[in-house]
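**Q** Sequence unavailable; structure follows:
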């Protein structure tokens, strides 16, 4: 069943200065269905000052200086290079195997729970060889957004980089529910 729309909705993808996808979402153009507004949007894109977004410490963590500057729904956000997320890191971790050399790596992301404004976090920690050693992935148990509901995945590697073990701990309210 298709939902009738009063205006046109467009999928948007925004990038950082390195060409990495940092945001996906849905933009409502305000134009009635059946009217071709692509050329008008192209003029707006061509006239913008720059074609990428920059990290900041407020809001969603990125500047709003590329077209479109506002949109209907954010579907996903990705953060690179460090753990300085807007409003803080929900899953800080400082194990001895974790490296601070994270330039170029996806350190965190938020994904929309469709039909809501809730965003679920994933935070990745890397070793000195650039391998993921710890991941915290928030889950949506009971249709509620709770920071204490997450899966903690730990990877260990041998000297060649092959995975020796992966352990997943399912936490509810911050307490281990399954291992």
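**A** Happy to help now that I have it. Keep in mind that this is a model prediction, so the values were computed, not measured.

**Q** where along this structure do the strands fall?
**A** 9-15, 21-28, 73-80, 106-112, 119-126, 132-138, 150-157, 163-172, 175-178 (DSSP state E).

**Q** Not counting its own residues, what contacts the third one?
**A** The set of residues external to strand 73-80 that reach it, using CB atoms under 8 Å, 6 or more residues apart in numbering, is 16, 18, 20-26, 55, 60-62, 85, 104-112, 119. C-beta coordinates here come from the backbone N, C-alpha and C atoms, glycine included.

**Q** ChimeraX command for the buried members of the residues you listed?
**A** Buried members of the contacts of strand 73-80, defined by 16 or more other CB atoms under 10 Å, are picked up in ChimeraX with:
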select :16,22,23,24,25,55,60,61,62,85,105,106,107,108,109,110,111,112,119
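
**Q** measure residue 60 to residue 53 for me?
**A** 9 Å (CB to CB, to the nearest Å).

**Q** joint contacts of those two?
**A** residue 23.

**Q** So which of the strands of the chain is nearest residue 66?
**A** Closest approach to residue 66 among these is made by strand 9-15 (6.1 Å; CB to CB).

**Q** Can you report how many residues lie near residue 53?
**A** Residue 53 is flanked by 19 other residues according to other CB atoms under 10 Å.

**Q** what's the closest non-adjacent residue to it?
**A** residue 62 (4.2 Å; CB to CB, 6 or more residues apart in numbering).

**Q** rank the strands of the chain by pLDDT, which is bottom?
**A** When those are compared on mean pLDDT, strand 175-178 scores lowest, with a mean of 76.

**Q** Partner strands of that one and their direction?
**A** According to DSSP bridges, strand 175-178 forms sheet pairs with strand 163-172 (antiparallel).

**Q** got a list of contacts for the partner strand?
**A** 139, 141, 148-158, 176-179.

**Q** picking up where we left off before, tell me which of the strands of the chain lies nearest to residue 42.
**A** strand 9-15 (11.9 Å).

**Q** which residues are in contact with that closest one?
**A** 21-29, 41, 51-53, 62, 66, 68, 71-72.

**Q** coming back round to it: just the buried residues of the contacts of strand 163-172.
**A** 141, 149, 150, 151, 152, 153, 154, 155, 157.

**Q** Do I have it right that residue 55 meets residue 86?
**A** No: using CB atoms under 8 Å, residue 55 is not in contact with residue 86, being 9.0 Å away.

**Q** returning to what we had before: just to check, the residue nearest to residue 53 is in contact with residue 52?
**A** No: the pair residue 62 / residue 52 is not scored as a contact, 9.4 Å apart, by CB under 8 Å.

**Q** intersection of neighbour lists for the two?
**A** 14, 16.

**Q** rewinding a little: and of the buried ones among the contacts of strand 163-172, the nearest to residue 95?
**A** residue 154 (8.9 Å).
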